[in-house]
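**Student:** No sequence on hand, only this structure:
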């Protein structure tokens with residue numbers, strides 16, 4: 001077990017974390033949630049040993065290792081992707097060196113019963129166990145498996161890592177950490193730069209991971225699929241639930257409602273007693289009753305509501321100045337990185353007032369085109385830039401646009417002019433984005449990913465724009481901040497280009513979709529939901545799963561293969577029909593099991609909606625745990641059912 005005990009962190013005028021304590025068990029999957037700036041990343045930094053708490057301790061069992069995926073990227077040398085990934089095995093080299101040193105020391109010792117000799121033998125055994133676990137003999141195959149899972153093709157392995165975007169560089173960092181196979185994984189927004197294929201692969205990888213993990217994420221689906229425990233950070237304190245994210249939200253709301261009702265009832269009772277005391281205080285005949293009620297009131301433990309953080313950013317973009325009708329007109333645009341062609345002879349035109357969604361798998365050129373339009377990348381072909389366009393740009397990786405040596409205040413002060421100039425107006429602007437007085441002198445480099453995102457948004461307001469280009473603006477924003485940004489973009493009266501995988505965020509914001517695929521752009525008129533309807537799906541997750549499936553479909557078999565694979569013999573047909581019958585029985589059996597589990601779930605839901613549900617907290621928590629476990633069992637059975645049905649359909653098709 002790992003122990004986090006009484007951790008406190010103080011900033012001038014603010015206590016970020018207040019005596020935070022919890023235990024991490026060996027196979028825990030913990031989702032760490034809370035608003036931007038609540039202290040989640042700081043807590044991971046403390047557990048990882050990168051930052052020291054002002055008070056409290058973190059106990060890591062001897063010999064246990066930690067792997068930490070941070071939001072920020074480091075600086076890379078001119079290494080290839082596979083060379084950088086192999087850096088993960090530095091531990092192997094270090095262990096081998098230590099094993100040699102231990103062996104030499106043991107050979108020199110003559111007393112084999114000495115305590116020091118026995119201690120060194122134990123250390124030697126532990127080092128050998130760790131080396132076997134890291135499996136040096138299969139280093140390269142491990143590297144290839146992880147890199148492919150995270151979306152790299154074999155052709156990418158020998159490309160320089162500096163040729164890749166920040167999102168792809170982050171994938172290499174993740175690969176290195178997963179290759180280390182640490183006992184405790186700390187993942188800070190791991191899905192931010194992943195497309196759906198890689199997210200699904202990562203979900204499966206983490207479900208089968210043998211160690212413990214703490215994950216910070218604003219991806220609700222990812223949290224629900226991976227984590228079985230939720231720790232919420234609110235105003236410096238934590239609330240620990242042995243529930244998945246959705247169940248935690250429902251349980252928290254039920255608990256708060258119960259607390260509110262109990263507090264109202266208690267307050268009503270207190271007011272009644274106080275009225276009695278006030279009315280009869282001066283009457284000798286009631287003196288005994290008055291004293292009794294006073295004592296009773298003194299002993300009452302006041303019901304306090306769990307703290308909630310309702311702070312929310314509030315802003316709107318300045319009115320867009322007039323521009324010409326044409327914004328961008330691209331003709332035969334080509335972009336290559338070495339031998340890899342990312343964009344291949346694309347043509348498109350963007351006019352004033354267009355609101356365009358860029359969608360498609362990662363690596364298809366969305367961010368590359370954004371950088372070309374921002375004149376940050378060279379290209380072949382022709383682009384006509386419109387008259388009087390003023391562009392506001394939000395980059396996917398904020399480290400590339402913010403000067404980390406500046407303070408929060410200096411970042412805004414350097415670009416503030418007109419209505420935003422002056423100390424008070426700058427402080428007011430930063431206050432709108434939830435930066436208090438105690439945050440003004442913080443260096444940008446110490447901010448969390450969410451805080452950097454909010455600072456970048458604040459800086460966008462300093463420049464009047466008629467074209468906004470936003471590349472994954474919601475990556476580090478919490479759910480309420482996403483909604484505020486969405487409302488501000490709805491009111492923006494200029495031209496908008498939006499790169500995102502978040503369908504809920506994009507819905508209602510765009511009137512045209514550019515689909516990136518195979519180096520080309522397919523233009524779809526209408527809002528994002530119309531584009532998804534065109535593909536007969538409801539979400540980007542479903543769209544990209546379908547895309548993945550279509551790419552993996554094999555070509556139609558030749559006559560030779562068809563004859564080779566079809567059960568032409570009577571015996572083969574009989575065997576196939578027998579297996580079909582077994583599969584059909586399995587489908588029916590699994591459906592019955594799912595129905596039974598759903599009935600059990602319904603019974604628990606009925607109990608949870610009963611007015612007495614919270615009268616016994618231990619019983620309520622037990623019911624919630626049962627609810628979560630049964631939901632997990634249903635998910636597992638549904639996966640089994642899908643696999644059996646797929647196999648049944650494949651076999652049945654071969655028989656037809």
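**Tutor:** Everything's here; your move. Note that this is a predicted model, so its numbers are computed, not measured. Numbers count the residues shown, from 1 in each chain.

**Student:** residues contacting the residue most central in space within the chain?
**Tutor:** Among the residues of the chain, residue 217 comes closest to the average C-alpha position under C-alpha atoms, centre = their mean, at 2.9 Å. Residues near residue 217 by C-beta atoms under 8 Å, 6 or more residues apart in numbering: 31, 33, 187, 189-191, 223. Heads up, the C-betas are built off the backbone N, CA and C, glycines and all.

**Student:** now it: how far from residue 40?
**Tutor:** According to C-beta to C-beta, to the nearest Å, residue 217 and residue 40 sit 10 Å apart.

**Student:** can you check residue 62 too?
**Tutor:** Distance from residue 62 to residue 40, counting by C-beta to C-beta: 27 Å.

**Student:** try residue 279
**Tutor:** On the measure of C-beta to C-beta, residue 279 and residue 40 end up 52 Å apart.

**Student:** Then residue 319?
**Tutor:** Counting by C-beta to C-beta, the separation of residue 319 from residue 40 is 36 Å.

**Student:** Look at these two and report which has more neighbours.
**Tutor:** More crowded of residue 319 and residue 40, by other C-beta atoms under 10 Å: residue 40, with 27 against 11.

**Student:** Break the protein down into its domains, please.
**Tutor:** Annotated domains of the chain cover 2-247, 326-550, 559-655 [automatic domain parsing].

**Student:** can you list these in a markdown table and add distance to residue 301?
**Tutor:** Putting these into a markdown table (distance: least, C-beta to C-beta, whole Å) gives the following:
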| stretch | distance to residue 301 |
| --- | --- |
| domain 2-247 | 18 |
| domain 326-550 | 32 |
| domain 559-655 | 15 |
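
**Student:** Tell me what residue 66 is bridged to.
**Tutor:** For residue 66, the beta-bridge partners are residue 184 (DSSP bridges).

**Student:** pretty sure it is touching residue 44, no?
**Tutor:** No - taking contacts as C-beta atoms under 8 Å, residue 66 lies outside contact range of residue 44: 9.8 Å.

**Student:** ok, what's across the strand from residue 356?
**Tutor:** As assigned using DSSP bridges, the partners bridged with residue 356 are residue 497, residue 512.

**Student:** quick one, strands of the stretch 401-550 of the chain?
**Tutor:** Here the stretch 401-550 of the chain has its strands, by DSSP state E, counting those that start in this stretch, at 467-471, 495-499, 512-517, 520-525.

**Student:** And the first one, what does it pack against?
**Tutor:** In this case it means strand 467-471. For strand 467-471, the packing partners by 3 or more C-beta pairs under 8 Å, 6 or more residues apart in numbering; DSSP states H and E come out as helix 366-373, strand 391-394, strand 495-499.

**Student:** do the same with the third one
**Tutor:** Contact partners of strand 512-517 among helices and strands, from 3+ C-beta pairs under 8 Å, 6+ apart: strand 355-359, strand 520-525, helix 528-534.

**Student:** So which of these is the most surrounded?
**Tutor:** Of those, the one with the most neighbours on average (mean count of other C-beta atoms under 10 Å) is strand 355-359, at a mean of 23.

**Student:** can you list contacts of it?
**Tutor:** With C-beta under 8 Å, 6+ apart, strand 355-359 has contacts from 350, 366, 369-370, 495-501, 506, 509-516, 528, 531, 540, 543.

**Student:** Can you select the buried ones among the residues you listed for me in ChimeraX?
**Tutor:** Listed next is the ChimeraX selection for buried residues among the contacts of strand 355-359, using 16 or more other C-beta atoms under 10 Å:
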select :350,366,369,370,495,496,497,498,499,500,501,506,509,510,511,512,513,514,515,516,528,531,540,543
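
**Student:** before we move on, back to that, could I get the helices and strands packed on strand 467-471 as a markdown table with mean pLDDT and distance to residue 10?
**Tutor:** Converted to a markdown table, the helices and strands packed on strand 467-471 look like this (pLDDT from 0 to 100; distance: least, C-beta to C-beta, whole Å):
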| stretch | mean pLDDT | distance to residue 10 |
| --- | --- | --- |
| helix 366-373 | 92 | 39 |
| strand 391-394 | 90 | 32 |
| strand 495-499 | 94 | 39 |
